[in-house]
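Asks: mind folding the following:
(chains A and B)
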2 protein chains.
Amino acid sequence: MPIPPNELSASEISQATRAGTLSCEAVVRACLEHIATREPAVQAWQYIDAEGAIAQARALDAGSARGPLHGVPFGAKDIIDTHDMPTEYGSPIHRGHRPDRDAACIALMRRAGAVLVGKTVTTEFANVHPGKTRHPLDPARTPGGSSSGSAAAVAAAMVPLALGTQTTASTIRPASFCGVVGYRPTWSDLRLSGVMEAAGSLDTLGLMARSVADIALLRAVLLGVEPRALPAETAKPRIGFCRTHLWENAESTTQRLLEDAASRLAAAGASVKDAVLPSAFTRIPEAHKAVSSFEFTRNFSWEIAHHWDRISETLRNGRIKDGLATTFERYREARELLSACRQTLDQFFDNYDILLTPAAAGEAPVGLHSTGYTGFCSIWTSTHVPALTLPLLQGPSGLPIGVQLVARRDRDRDLFGFAQWIRRALR
Amino acid sequence: MPIPPNELSASEISQATRAGTLSCEAVVRACLEHIATREPAVQAWQYIDAEGAIAQARALDAGSARGPLHGVPFGAKDIIDTHDMPTEYGSPIHRGHRPDRDAACIALMRRAGAVLVGKTVTTEFANVHPGKTRHPLDPARTPGGSSSGSAAAVAAAMVPLALGTQTTASTIRPASFCGVVGYRPTWSDLRLSGVMEAAGSLDTLGLMARSVADIALLRAVLLGVEPRALPAETAKPRIGFCRTHLWENAESTTQRLLEDAASRLAAAGASVKDAVLPSAFTRIPEAHKAVSSFEFTRNFSWEIAHHWDRISETLRNGRIKDGLATTFERYREARELLSACRQTLDQFFDNYDILLTPAAAGEAPVGLHSTGYTGFCSIWTSTHVPALTLPLLQGPSGLPIGVQLVARRDRDRDLFGFAQWIRRALR
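Replies: Modelled structure (predicted):
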């Protein structure tokens, strides 16, 4: 029996549509039908433009352009502007808002032939107050956030690709919970024009897919460069097993699974050594909080001034309260610490190709009130390094747990190559 | 005879309105009347909301809040989003566009009591294709750009404060040409949420005023912190006279005037030494071009895909052509060079409190087709340091030429203090 088009990867779809063995319309219809079936339980979407997506697919089928994402359906987190769909930033304040242009990332994907199916659910302003999305494998659990709908939609095979963002853990964590590949690029590689700023010195796009090859393909499109296949062979990586000082916040099953994974990678021929970060890195989570809160609170000055009563209590008493209490001196001191840690980490990577580290504390927690613990991401977000989570582990309830891989700044392609090696070794 | 309210500084206005000796309405009306007189010749404004400004001034007079910019009228470059005025980014593509929120900077200024009078003219997408604005002292000359209207409006005493931005020379150069104080902050200090991104790794806000004290006041408001008066006394600065490798691009009069200024500062007791930048800095202008073009071109992917014929030839054959020709490898190499120069410059400043350097090649050139030479700013923009231009020199046609002062990253307050000292010494 052939694989239903909605379960294909972006690379497979693009290959088939470009070869003419599958129409863009058939792919888009398959995704829309699957969304219709699964959406009542998952609620990944803030907005779906079924008619528009079908029309675009037909136009692609009829046209002569054959871009690298020809006919690939995707979703985009609803903090990313679109000229033909509402963009509400996860807040009632912006209900029905219609930007007049596409964000750079949307325009680049559409130029490559991708079809935007709709906008995926975000937490309020990409912070922590949750949206309506549920975990695709267990509706009693959070999908994680803030890119909740993007992770859930890709995991539920509604679309092969989705765009999210990350300021703390907003891509890696939901990808880990939902069981997809999540990627947070080297900071500043991918343009954020038209994407709501949460905290600019930390924000990046976040990419969700079901394979590393798809992540690499999407990254090339977003860089505006010609996609190149990943090398078939990669040298065995020098892996630093980096528990971090937050290790005790990982569940014991997660600890055991990761330690087991490290052993299996060593058995497969990788060099695996314990990697202990310099002590200054223990101060990163607090510094990250100061930087992100200071910037976030100023970014939302308009909402705070005009719509205080429509901001959630969670946000008011969390990020905004923290941001208002953070002095400029404290902000600058925290920013300097993060900057120094970035330099240090560059050197640290002289001894490792990649670091193996937790993506989250464990499986997606039960309950929809919280999107989970963020600690295992803030170190890497703050240091601007590329990070990838692979859905390779399974927790006590049978739900996915990600393995986070981190590389030196600017080594995103190498990260993908080593991730492929690790995926093969651990399967 | 009392000074007309439109000629007062922001600090003077705020002091008078808070003391109750001047009403906000009177200030706003004085500015609007002066705009009505001067605007036909200067054309600084893309949009003026006279009724809205008067209504806001009345509300401020009637209310109890007394913010640090109480009743201070200002203009904002038309790439900065406003919820109650169009924002057109200097392009016919976005004619009539109405954002649904204020940019962070606008919201912070309004919260401080400032009254937005209107949107000032920008070049197309803050790049080089000029808008309609003319030099306030000579309509045959460019006001500079891209923050053309902001500089002209402050110079023409239409408003005491205006917001611009800088990605290359877009604040310092028009401020130098028009004869106002222009300030480009340490990169990333002031939030850009709601401001059109040109090239994110270089973009900052740019502040225009007629005094250094006003710049310091506005900066505090934009940081969301309590304004503090600048120290009355400053130690005599250790000045590095930095001609840069582009010195021959300065007009001979400018060279002579700056050399004379350096001598007078030494005579006034400052330590003045020739400061020669490391040779790697000669590669900055080309690296700046690669980084800004690469980022800019991707940011405007939507406009390029949908409205190619409404983009100026200047932009198509300039920045966009360059950006499309820049590979990711070249971009990254250029980005690394700039990053390395930033570290080097931090050390370089061990020997100097500030650098004295040209703001522009000379007076505003005759002709409205170009906004002038940018070379003297791209080194400082690229290295993320704070820069200030003071209107202290006068060229052969009697028009202003700025003196650019540059300080170490994060030393913006020190820069203001030394600028006050230099202003006094050179007057």
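Asks: the longest helix along chain A near chain B at all?
Replies: What stands out as the longest helix in chain A, according to DSSP state H, is helix A:328-348. Yes. Against chain B, helix A:328-348 shows contacts by Cβ under 8 Å from any Cβ of the partner chain at A:328, A:332, A:335-336. C-betas here are computed from N, CA, C, even on glycine.
Asks: which secondary structure elements does the helix or strand following that helix contact?
Replies: Sequence order places strand A:354-358 as the next helix or strand after helix A:328-348, per DSSP states H and E. Packing partners of strand A:354-358 (3 or more Cβ pairs under 8 Å, 6 or more residues apart in numbering or on different chains; DSSP states H and E): strand A:238-241, helix A:252-267, helix A:375-382, strand A:400-406, helix A:412-426.
Asks: what angle do strand A:354-358 and helix A:375-382 make?
Replies: 140 degrees (axes from the mean of the first three to the mean of the last three Cα atoms, to 10 degrees).
Asks: burial of the nearest residue to A:Glu33 once chain neighbours are set aside, as a residue count?
Replies: Closest residue in space to A:Glu33, ignoring its immediate chain neighbours: A:Asn6 at 7.7 Å, by Cβ to Cβ, 6 or more residues apart in numbering or on different chains. By the other Cβ atoms under 10 Å in any protein chain shown criterion, the neighbourhood of A:Asn6 contains 23 residues.
Asks: so A:Asn6 belongs to a strand, correct?
Replies: No. Judged by DSSP: H, G, I helix; E, B strand; the rest coil, A:Asn6 forms no part of a strand; its state is helix.
Asks: now do the same contact list for it.
Replies: The contact partners of A:Asn6, taken as Cβ atoms under 8 Å, 6 or more residues apart in numbering or on different chains, are A:27, A:30-31, A:33-34, A:73, A:157-160.
Asks: how about A:Val159?
Replies: A:6, A:31, A:73-75, A:117, A:153.
Asks: mind putting those residues in CSV, secondary structure included?
Replies: Shown next, in CSV, are the contacts of A:Val159 (three-state DSSP):
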residue, secondary structure
A:Asn6, helix
A:Cys31, helix
A:Pro73, strand
A:Phe74, strand
A:Gly75, strand
A:Val117, strand
A:Ala153, helix
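Asks: and those as CSV, adding distance to B:His129 and pLDDT?
Replies: Formatted as CSV, those follow (distance: Cβ to Cβ, whole Å; pLDDT from 0 to 100):
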residue, distance to B:His129, pLDDT
A:Asn6, 45, 98
A:Cys31, 41, 98
A:Pro73, 37, 98
A:Phe74, 34, 98
A:Gly75, 36, 98
A:Val117, 36, 98
A:Ala153, 41, 98
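Asks: tell me where chain A has strands.
Replies: For chain A, the strands defined by DSSP state E occupy A:45-48, A:73-77, A:115-120, A:161-166, A:181-184, A:204-209, A:238-241, A:271-274, A:354-358, A:387-394, A:400-406.
Asks: winner for burial among the ones you listed?
Replies: Comparing those by mean neighbour count (mean count of other Cβ atoms under 10 Å in any protein chain shown), strand A:73-77 comes out on top with a mean of 32.
Asks: tell me what A:Val195 is bridged to.
Replies: Beta-bridge pairing for A:Val195 (DSSP bridges): A:Ile80.
Asks: measure it to B:Ser279 for me?
Replies: 38 Å (Cβ to Cβ, to the nearest Å).
Asks: the two: which is more packed in?
Replies: With neighbours defined as other Cβ under 10 Å, A:Val195 and B:Ser279 compare such that A:Val195 has more, 25 against 8.
Asks: just the pLDDT at A:Glu233, thanks.
Replies: Per-residue pLDDT puts A:Glu233 at 88.
Asks: report how many residues lie close to it.
Replies: The burial count assigned to A:Glu233 is 8, neighbours taken as other Cβ under 10 Å.
Asks: how about A:Glu7?
Replies: Using other Cβ under 10 Å, A:Glu7 is surrounded by 14 other residues.
Asks: my read: it touches A:Ala157, true?
Replies: Yes. Counting by Cβ atoms under 8 Å, A:Glu7 does reach A:Ala157; the two are 5.0 Å apart.
Asks: circling back to that earlier point, which of the residues of helix A:328-348 next to chain B sits closest to A:Thr17?
Replies: The closest of those to A:Thr17 turns out to be A:Arg335 (Cβ to Cβ; 45.6 Å).
Asks: A:Ala16 and chain B: what is the separation?
Replies: From A:Ala16 over to chain B the distance is 25 Å, taken as Cβ to the nearest Cβ, to the nearest Å.
Asks: from A:Thr344, how far out is that residue?
Replies: 46 Å.
Asks: neighbour count winner among the two?
Replies: Legend: neighbour count by other Cβ under 10 Å for A:Ala16 and A:Thr344, higher for A:Ala16 (19 against 15).
Asks: and that one, what pLDDT?
Replies: The model reports A:Ala16 with a pLDDT of 98.
Asks: over to A:Arg256?
Replies: 98.
Asks: follow-up on the earlier one: quick check: buried residues in the longest helix of chain A?
Replies: Across helix A:328-348, burial judged by 16 or more other Cβ atoms under 10 Å in any protein chain shown covers A:330-332, A:334-335, A:337-339, A:341-342, A:345, A:348.
Asks: is it possible to get JSON lines of those residues that adds distance to A:Thr244 and pLDDT?
Replies: Listed next are these as JSON lines, based on distance: Cβ to Cβ, whole Å; pLDDT from 0 to 100:
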{"residue": "A:Arg330", "distance to A:Thr244": "23", "pLDDT": "98"}
{"residue": "A:Tyr331", "distance to A:Thr244": "24", "pLDDT": "98"}
{"residue": "A:Arg332", "distance to A:Thr244": "25", "pLDDT": "97"}
{"residue": "A:Ala334", "distance to A:Thr244": "18", "pLDDT": "98"}
{"residue": "A:Arg335", "distance to A:Thr244": "21", "pLDDT": "97"}
{"residue": "A:Leu337", "distance to A:Thr244": "16", "pLDDT": "98"}
{"residue": "A:Leu338", "distance to A:Thr244": "16", "pLDDT": "98"}
{"residue": "A:Ser339", "distance to A:Thr244": "20", "pLDDT": "97"}
{"residue": "A:Cys341", "distance to A:Thr244": "13", "pLDDT": "98"}
{"residue": "A:Arg342", "distance to A:Thr244": "16", "pLDDT": "97"}
{"residue": "A:Leu345", "distance to A:Thr244": "12", "pLDDT": "98"}
{"residue": "A:Phe348", "distance to A:Thr244": "13", "pLDDT": "98"}
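Asks: packing partners for the longest helix of chain A?
Replies: Using 3+ Cβ pairs under 8 Å, 6+ apart, helix A:328-348 sits against helix A:284-299.
Asks: what lies in contact with the helix it packs on?
Replies: A:125, A:127, A:167-168, A:197-202, A:246, A:304, A:319-320, A:322-324, A:326, A:328, A:330-331, A:333-335, A:337-338, A:341, A:375, A:378-379, A:381-383, B:104, B:108, B:191, B:193, B:223-224.
Asks: for the stretch 201-350 of chain A, what lies in contact range of chain B?
Replies: A:201, A:223-225, A:295, A:297-305, A:327-328, A:332, A:335-336.
Asks: might you report the residue contacts of the residue most central in space within chain A?
Replies: Most central in chain A under Cα atoms, centre = their mean is A:Thr171, positioned 2.6 Å from the mean C-alpha point. Residues near A:Thr171 by Cβ under 8 Å, 6+ apart: A:147, A:150-151, A:164-165, A:182-184, A:206-208.
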